[in-house]
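# Sharing a sequence plus its predicted fold:
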Amino acid sequence: MDAPAPAEPGTKRVLLAAPRGYCAGVDRAVVTVEKALELYGPPIYVRKEIVHNKHVVRTLEKRGAIFVDETNEVPEGARVIFSAHGVSPAVHEETRQLSLQTIDATCPLVTKVHREAVRFASEDYDILLVGHEGHEEVEGTAGEAPDHITLVESPAHVDAVEVRDPDKVVWLSQTTLSVDETMETVRRLREKFPKLQDPPSDDICYATQNRQVAVKQMAAECDLMIVVGSQNSSNSKRLVEVALEYGTKDGHLVDYADEVQESWLEGVSTVGVTSGASVPEILVRDVLDWLAERGYEDVQAVTAAEESLLFALPTELRKDLKAAGHEVNKVRHDPNGIPSGRGEESQLR
């Protein structure tokens, strides 16, 4: 789609990005916790936040999920779900030692990166992992081959990178990064290591890319970009950065509509609205309602891509659901996240 037309002078409008909100991996992870609570009953332990969104975590806590930072906080023999960001082999070993019943809700696209790391390490490659230090996904991937992986956080870190053999080096990446910055990091790495190999397929998540493309198409026409998402959400933070880089005058990341400030609207004709891949649509609707109350009732969609990817629930959970007589389907995923209602059942949709 082409960029949206400029706003008429004196008008107020909202450009609403599509797709936005839940990706297939997030949907799968959230539904995994919901189904586990229904099937087994609370408490259900979850290692780390199931996805990086404050509202999702708080809602699941009310339903009986207990979020822990480390596996050793889970009582011996209890059931624990691994978050969408994945875990290292060391964490799997910890759960075995504690006799924990595990459900692995790691996003399949993250699992793909783990498998790539294992494969290239087995072939004795140096693996340059583009990502952010301390992010749970990076920790899980690096744990697959710690002796072969070097973390590269940005183009500025390339000069310090050293490898054993410049003829046997490959790059992988965290799935939720800025596409532009990642490609710039890879370009710099290739200048330093001309025989640098690419991963078999793109590591950056399709949803991350699609949401960034939509923001790029909107950005130049937006005086203000509001991204709904949590501060610890990598892909949400990247959306603000992309908006500012591509021409939006001002941009902010908010969890809830009541965090939007009236002062941001001064002199603003066009507001862009989008949300990160771990954000339920109800939070976006609340922001749109807040804006409508202030005269921004004209909402125009900017559609960058159509999404139809579906993931099956984790094998362990599917097996138990089937044994209990529950219908087992692939997780529903509405790429534009339109909720069916405002009741409790829609709070995570």
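Everything's here; your move.

# so who does S99 touch?
For S99, the contacting residues are E76, G77, by CB atoms under 8 Å, 6 or more residues apart in numbering. The way it works is simple: take the backbone N, C-alpha and C, and place the C-beta from them, glycine included.

# Confirm it sits in a strand?
No - counting by DSSP: H, G, I helix; E, B strand; the rest coil, S99 is not found in a strand; it is coil.

# Tell me the confidence at it?
Here, the pLDDT recorded for S99 equals 97.

# where do the helices sit along the protein?
Remark: helices assigned in the chain by DSSP state H are 24-40, 54-63, 89-97, 108-122, 136-142, 179-192, 206-219, 234-245, 281-292, 315-323.

# Go through those and name the closest to A18.
helix 206-219 (6.5 Å; CB to CB).

# Now do the closest one against helix 234-245, angle only.
20 degrees (axes from the mean of the first three to the mean of the last three CA atoms, to 10 degrees).

# Renumber starting at 752 from here on
Renumbered: residue one is now 752, and that last one reads helix 957-970.

# could I have helix 957-970 exported to CSV, CA atoms only?
Extracted in CSV, the C-alpha atoms of helix 957-970 (Å, rounded to 0.1, in the frame of the first residue of the first chain):
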residue,chain,number,x,y,z
TYR,A,957,7.4,-11.9,10.3
ALA,A,958,5.1,-10.0,12.7
THR,A,959,8.0,-7.8,13.8
GLN,A,960,8.7,-6.9,10.2
ASN,A,961,5.1,-6.4,9.3
ARG,A,962,4.4,-4.0,12.2
GLN,A,963,7.5,-2.0,11.4
VAL,A,964,6.5,-1.8,7.7
ALA,A,965,3.1,-0.4,8.6
VAL,A,966,4.7,2.2,10.9
LYS,A,967,7.1,3.2,8.1
GLN,A,968,4.2,3.8,5.7
MET,A,969,2.4,6.0,8.3
ALA,A,970,5.3,7.8,9.9
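
# so what does it touch, helix or strand wise?
strand 764-769, helix 930-943, strand 975-979, helix 985-996, strand 1021-1026, strand 1049-1054 (3 or more CB pairs under 8 Å, 6 or more residues apart in numbering; DSSP states H and E).

# winner for burial among those?
strand 975-979 (a mean of 28; mean count of other CB atoms under 10 Å).

# Could you dump the helices and strands packed on helix 957-970 into JSON lines and include mean pLDDT and distance to C858?
Shown next, in JSON lines, are the helices and strands packed on helix 957-970 (pLDDT from 0 to 100; distance: least, CB to CB, whole Å):
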{"stretch": "strand 764-769", "mean pLDDT": "98", "distance to C858": "21"}
{"stretch": "helix 930-943", "mean pLDDT": "97", "distance to C858": "18"}
{"stretch": "strand 975-979", "mean pLDDT": "98", "distance to C858": "20"}
{"stretch": "helix 985-996", "mean pLDDT": "98", "distance to C858": "12"}
{"stretch": "strand 1021-1026", "mean pLDDT": "98", "distance to C858": "17"}
{"stretch": "strand 1049-1054", "mean pLDDT": "97", "distance to C858": "24"}
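
# Pipe these into JSON lines and attach distance to T901 per row.
Output for the helices and strands packed on helix 957-970, formatted as JSON lines (distance: least, CB to CB, whole Å):
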{"stretch": "strand 764-769", "distance to T901": "35"}
{"stretch": "helix 930-943", "distance to T901": "10"}
{"stretch": "strand 975-979", "distance to T901": "31"}
{"stretch": "helix 985-996", "distance to T901": "19"}
{"stretch": "strand 1021-1026", "distance to T901": "33"}
{"stretch": "strand 1049-1054", "distance to T901": "38"}
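
# Centre-most residue in the chain?
A1028 (4.6 Å; CA atoms, centre = their mean).

# ok, for it, nearest residue in space, not its chain neighbours?
Nearest non-adjacent residue to A1028, counting by CB to CB, 6 or more residues apart in numbering: C774, 4.1 Å away.

# Would you mind confirming that the one you found is in contact with A958?
Yes - at 3.4 Å, C774 counts as touching A958 under the criterion of CB atoms under 8 Å.

# So what's the residue count around the nearest residue to K967 once chain neighbours are set aside?
Computed as CB to CB, 6+ apart, the closest residue to K967 that is not its neighbour in sequence is Y997, at 4.9 Å. Y997 has 18 neighbours, counted by other CB atoms under 10 Å.

# what's the answer for D916, then?
By the measure other CB under 10 Å, the count of residues near D916 is 11.

# What about K805, how many residues nearby?
18.

# mind listing what it touches?
K805 touches S981, D1006, counting by CB under 8 Å, 6+ apart.

# try D949
Counting by CB under 8 Å, 6+ apart, D949 has contacts V921, W922, V937.

# Now do the contacts for C774.
C956, Y957, A958, T959, A1028, S1029, E1058, L1060, H1084.

# Throw those into TSV and include distance to P760 and pLDDT, thanks.
Output for those, formatted as TSV (distance: CB to CB, whole Å; pLDDT from 0 to 100):
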residue	distance to P760	pLDDT
C956	39	96
Y957	38	95
A958	36	95
T959	35	96
A1028	35	97
S1029	37	97
E1058	35	95
L1060	41	92
H1084	40	49
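
# Am I right that F944 is in contact with D916?
No - applying CB under 8 Å, one finds F944 not in contact with D916, separated by 9.8 Å.

# picking that back up, can you say which of the contacts of C774 are buried?
Neighbour-count burial (16 or more other CB atoms under 10 Å) is assigned, among the contacts of C774, to C956, Y957, A958, T959, A1028, S1029, E1058, H1084.
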